[in-house]
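S.K.: can you look at this prediction? I've put the sequence above it.
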Amino acid sequence: MSARTWVCLLGITLTTPLAQAQAPAPPARLDGYKQETAGRVDEMAKLAQEMVDSVFSFAELGFQEVETSRYLTTVLEKNGFSIRRGVAGMPTAWVATWGSGKPVIAVGSDIDGIPQASQKPGVSGHSPLIEGAPGHGEGHNTGVPMNIIAALAVKRIMERDKLAGTLVLWPGVAEELLASKAWFVREGVFKDVDVCLFAHVGSNLDVAWGGTGATGMVSVQYTFTGETAHSAGAPDRGRSALDAVELMNAAWNFKREHLRIQQRSHYVITDGGDQPNVVPARATVWYYFRETDYPHIKEMWDFGNKMAEGASLMTSTTWTSQLVGTAWPQHFNKPVAEAMYANAQRVGLPQWSDDDQRLAKAVQREAGSTNTNGLDTMLRPLQGPVREEDKRGAGSDDIGDVSWTVPTVTLRYPANIPGLPGHNWSSAVASATPIAHKGVVAGAKVQAMTILDLLTRPELVKESWAYFNDVQTKDVKYTPFLDGKTPPPTWINKETLERFRPELRKFYYDPARYKTYLEQLGITYPTITPIKPDPKLQN
């Protein structure tokens, strides 16, 4: 069957002339491509290490990933990608494109860090580089570097053999705030995309299909406005916005008993007033409402609004709210997940050194993990849909919005240590060490091989859309929580980075002078520190 016939069957318009595009690769040729690509990824292991270590050293929070985005887009531009910056009203968001024609394959991962997660890499105990500063306490410094290595390996084959297809790389900006991907969807970033290959740091080569146990959510800030007065001299003249916040929180805490076990909800008071002797005229509380489907998330949000209204009535204040983040529950594509898992089986887990395992086990013990077996050495099986009765609440990722827009899978690659609490300094320990470097190389091979499957097997693209249309979205339709005008909250974390960036700059990685970031910091790998006793358990 000719390439033009396949194009007609799939309803795709190629922008690359068919005279220049090769017919789909036969199985033997595809196998050769995959072998070649694995070798090319190995050849770029040094570049992978430099990118992983550099992004780790920038340690930027969501919406403030200025150095990170500048650095990564520079690497891509040097390798022939065209860059569109400031996507969807986010200064640190970008889309990098290379190639032409179908299929259009979007390859994404997150880039932001965690508050107060500064940590020296390779050191098993808590040892901040800068006390109180942000850090990569999840490992988001590894994903986009991994995707770049995969894309560059495939790009060389596409150039040489004139394979049609378009590679689109993009970053998950402010994923920890769940505040970019729904805006990307609204902007139309995935409008012409055939398949999205996402990646998230993990401790194995994982991929799943169907509905997951992860929650969707909305992130909402409630602001109350009252009237100042002297807290001692004329308290009767004041109307406390902080009282309203505390009443709302009390109401929500009573409500928890009467919500489904699947829910997760939490809040922080971001503004509680100025000083005790002034009745607070303004106060803000920030909520995450998480559940496993759209109706229950919306119900929780409605409950929150009612409690804000009640609190304002009780305190004679007024209230407003702002949606600052949103994520749909995730659903991943079966045909693409199966293809990706076959590639994971082919690649296998990295060969961990004794030093890698020593560090992993020491960090697990320090973090109080029930898993003290170190790094995984056995590949996990392909995961299918999670049953509704097995969903008991979990984290969220705004890749869910993308997964309901275009066939999507998430590759979890082994660049971190299993059994850690997450969003914590302990998850930063491995993120600029040989553990992360090896895990990124393994993940890049799987990602690259899956890109090759999509480029050379048009039936896989067709099957992915059949699953998307006939199974995933047959009964459930994507209804965004985000309206058409809410701007992304790009002001979040600005003050924090303005405060810490001058100190962070002193620790930026310089690959021209040092082979690794560990060498630059003078850290012996691994450094195993004595486990600190829990003061709560001491007499």
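M.R.: All right, it came through fine.
S.K.: every contact and neighbour count from this point should use C-alpha atoms.
M.R.: Fine.
S.K.: middle-most residue in this structure, spatially?
M.R.: Most central in the chain under Cα atoms, centre = their mean is D110, positioned 3.9 Å from the mean C-alpha point.
S.K.: quick check: closest non-adjacent residue to that one.
M.R.: Leaving out its chain neighbours, the residue that sits closest to D110 by Cα to Cα, 6 or more residues apart in numbering is G172, at 3.9 Å.
S.K.: correct me if wrong: that neighbour contacts S109.
M.R.: Yes: between G172 and S109 there is a contact under Cα atoms under 8 Å: 5.4 Å.
S.K.: residues near the residue nearest to D110, how many?
M.R.: 27 (other Cα atoms under 10 Å).
S.K.: quick one, what contacts it?
M.R.: Contact analysis of G172 by Cα atoms under 8 Å, 6 or more residues apart in numbering lists 93, 108-112, 180-181.
S.K.: filter those residues down to the buried ones.
M.R.: By neighbour count, with 16 or more other Cα atoms under 10 Å, the contacts of G172 hold 93, 108-112, 180-181 as buried.
S.K.: of those residues, closest to N79?
M.R.: Closest approach between those and N79, by Cα to Cα: G108, at 17.4 Å.
S.K.: buried stuff in the helix or strand hosting W252?
M.R.: Element membership for W252 (DSSP states H and E) is helix 241-255. Within helix 241-255, the residues that qualify as buried are 241-249, 251-252, counting by 16+ other Cα under 10 Å.
S.K.: now do stretch 31-47
M.R.: 33-34, 37-38, 40-42, 45, 47.
S.K.: all helices of the stretch 351-500 of the chain, in order?
M.R.: 354-366, 399-403, 434-456, 458-467, 494-505 (DSSP state H, counting those that start in this stretch).
S.K.: ignore what I typed, I meant the stretch 101-250 of the chain.
M.R.: For the stretch 101-250 of the chain, the helices defined by DSSP H, counting those that start in this stretch cover 143-161, 181-187, 241-255.
S.K.: quick one, which of those is nearest to N343?
M.R.: Closest to N343 of the helices of the stretch 101-250 of the chain is helix 143-161 (Cα to Cα; 13.1 Å).
S.K.: now do that closest one: everything it contacts.
M.R.: For helix 143-161, contacts defined as Cα under 8 Å, 6+ apart pick out 22, 33, 37, 40-41, 44, 47-48, 51-52, 72, 76, 79, 107-111, 163-164, 167, 169-171, 199-201, 440-441, 443-445, 447-448, 451-452.
S.K.: in CSV, list the C-alpha atoms belonging to that helix.
M.R.: Extracted C-alpha coordinates of helix 143-161, given in CSV (Å, rounded to 0.1, in the frame of the first residue of the first chain):
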residue,chain,number,x,y,z
GLY,A,143,12.0,15.0,31.9
VAL,A,144,12.5,17.6,29.2
PRO,A,145,16.2,16.7,28.9
MET,A,146,15.2,13.1,28.4
ASN,A,147,12.7,14.1,25.7
ILE,A,148,15.3,16.3,23.9
ILE,A,149,17.7,13.3,23.8
ALA,A,150,15.0,11.1,22.4
ALA,A,151,14.0,13.7,19.8
LEU,A,152,17.5,14.3,18.6
ALA,A,153,18.2,10.6,18.2
VAL,A,154,15.1,10.2,16.0
LYS,A,155,15.7,13.4,14.2
ARG,A,156,18.9,12.1,12.7
ILE,A,157,17.2,9.1,11.2
MET,A,158,14.3,11.3,9.9
GLU,A,159,16.8,13.6,8.2
ARG,A,160,18.8,10.8,6.6
ASP,A,161,15.9,8.7,5.4
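S.K.: any idea of the angle it forms with helix 434-456?
M.R.: For helix 143-161 against helix 434-456, the angle between stretch directions is 40 degrees (axes from the mean of the first three to the mean of the last three Cα atoms, to 10 degrees).
S.K.: helix 143-161: which residues count as buried?
M.R.: For helix 143-161, the neighbour count (16+ other Cα under 10 Å) marks 143-155, 157-158 as buried.
S.K.: circling back to that earlier point, how about the buried residues of helix 241-255, which pair is most distant?
M.R.: Spanning the widest gap among the buried residues of helix 241-255 are A241 and W252, at 16.8 Å by Cα to Cα.
S.K.: might you list the low-confidence residue ranges for the chain?
M.R.: Residues of the chain meeting the criterion pLDDT under 70: 1-26, 533-539.
S.K.: and the strands in it?
M.R.: Along the chain, counting by DSSP state E, strands occupy 82-85, 94-100, 104-110, 165-172, 195-202, 210-211, 216-225, 264-271, 282-291, 318-327, 331-332, 408-414.
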